[in-house]
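Participant: what would the 3D arrangement of this be:
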Amino acid sequence: MNDLLLRGIRIDWDSIDGFSYLREIEAISRINEISFSHPVTFFVGENGSGKSTLLEAIAVAYGFNPEGGTRNYSFSTYDSHSELSEHIQLIRGVRKAKHGYFLRAESFYNVATMEEEYSRGQGGHPLHLHARSHGESFLTVAQENFGENGFYLLDEPESALSPQRQLTLLLEIDRCVKENAQFIIATHSPILLGYPGAEILSFDGKIHPCAYEDTESYQITRMFINHRDQMLKNLFEE
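Facilitator: Numbers count the residues shown, from 1 in each chain. Now for the predicted structure:
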């Protein structure tokens, strides 16, 4: 039996306007339903393929603030999220999440600011995130907010993290997975994609399962490491 917190989603295309830009996103427009069967699911694909759009829609439908944070966060610096969340039905599991967080690199500065304000208002201990480097503060938020039986959505977390810190994030993910947490992550990182037992969904064309070795992130990185001089020569001569 699927014991995940979120078992899948359905998109109600009948309720979406025929001229909506969502119908122009190839990967999303070609699906009606997605099922999740692993505690860690990765969305991969080229920029503009729709992976972050779908991740954001799931987050908002689940009750998270579009810019990130917990479900208790309520702020907006720029309303840019799509209408897709209004047309998604979440297929929830029997368990209820104890914790949750939507962590996106794009709007992390805003979330870090609200983390400071909320902690002061609640009489807590501010994390002083703006006094740290981007990567340090990003990882601190993950370590402070990720826990057992939690539901976590991460949008391109590698953009804030060095390769070494990406390995640290993998440790945090594994710690939580062992305590019945679930993660859905949009990423380009061949390091994060290497998490054992994860399901990788490619958004290149129709959304479909993809082996780690078949991802562009892995293939291009491997090619660059093994044939750097030739790749750069070909690139600069074009």
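Participant: please enumerate the strands of this structure.
Facilitator: Remark: strands of the chain, listed N- to C-terminal, are 6-11, 33-35, 40-44, 88-92, 99-104, 150-155, 182-186, 199-202, 208-209; assignment by DSSP state E.
Participant: so for M223, which of the ones you listed sits nearest?
Facilitator: strand 40-44 (16.6 Å; C-beta to C-beta). Every residue, glycine included, has its C-beta placed from N, CA and C.
Participant: what does the closest one contact?
Facilitator: Residues from elsewhere that reach strand 40-44, judged by C-beta atoms under 8 Å, 6 or more residues apart in numbering: 51-52, 54-55, 173, 177, 182-188, 192-193, 195, 197-204, 210, 215-217.
Participant: ok, stretch 94-102 next?
Facilitator: 3, 5, 59, 62, 64-65, 68-71, 141-142, 145-153, 155, 180-182.
Participant: of the residues you listed, keep whichever come out buried.
Facilitator: The neighbour count (16 or more other C-beta atoms under 10 Å) marks 5, 59, 62, 64-65, 68-71, 141-142, 145-147, 149-153, 155, 180-182 as buried among these.
Participant: isn't F224 right up against M231?
Facilitator: Yes - the pair F224 / M231 is scored as a contact, 5.6 Å apart, by C-beta atoms under 8 Å.
Participant: one step back: can I get the buried ones among the contacts of strand 40-44 as something I can paste into ChimeraX?
Facilitator: Buried subset of these, written as a ChimeraX selection, criterion 16+ other C-beta under 10 Å:
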select :51,52,54,55,173,177,182,183,184,185,186,187,188,192,193,195,198,200,201,202,203,204,210,215,217
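Participant: could I get the full set of helices for the chain?
Facilitator: 26-29, 51-62, 108-121, 134-145, 163-177, 216-226, 228-237 (DSSP state H).
Participant: can you say which of those helices is packed in most?
Facilitator: Comparing the helices of the chain by mean neighbour count (mean count of other C-beta atoms under 10 Å), helix 51-62 ranks first with a mean of 23.
Participant: just how off-centre is that helix within its chain?
Facilitator: Between the mean C-alpha location of helix 51-62 and the chain-wide mean there is a distance of 9 Å, by C-alpha atoms, centre = their mean, to the nearest Å.
Participant: hmm, who's touching that helix?
Facilitator: For helix 51-62, the surrounding residues in contact (C-beta under 8 Å, 6+ apart) are 6, 9, 22, 25, 27-28, 43-45, 66, 71, 81-82, 84-85, 88, 90, 100, 102, 104, 106, 151, 153, 155-156, 184, 186, 203.
Participant: 6 Å instead?
Facilitator: The set of residues external to helix 51-62 that reach it, using C-beta atoms under 6 Å, 6 or more residues apart in numbering, is 28, 43, 45, 66, 81-82, 84-85, 88, 90, 102, 153, 155, 186, 203.
Participant: which two from these end up farthest apart in space?
Facilitator: Of all pairs drawn from the contacts of helix 51-62, the widest gap by C-beta to C-beta lies between G45 and L90 and measures 21.8 Å.
Participant: which one's more surrounded, the two?
Facilitator: Taking other C-beta atoms under 10 Å, G45 and L90 do not tie; G45 has more neighbours (23 against 15).
Participant: which residues does the more buried one contact?
Facilitator: Contacts of G45 (C-beta under 6 Å, 6+ apart): 51, 202-204.
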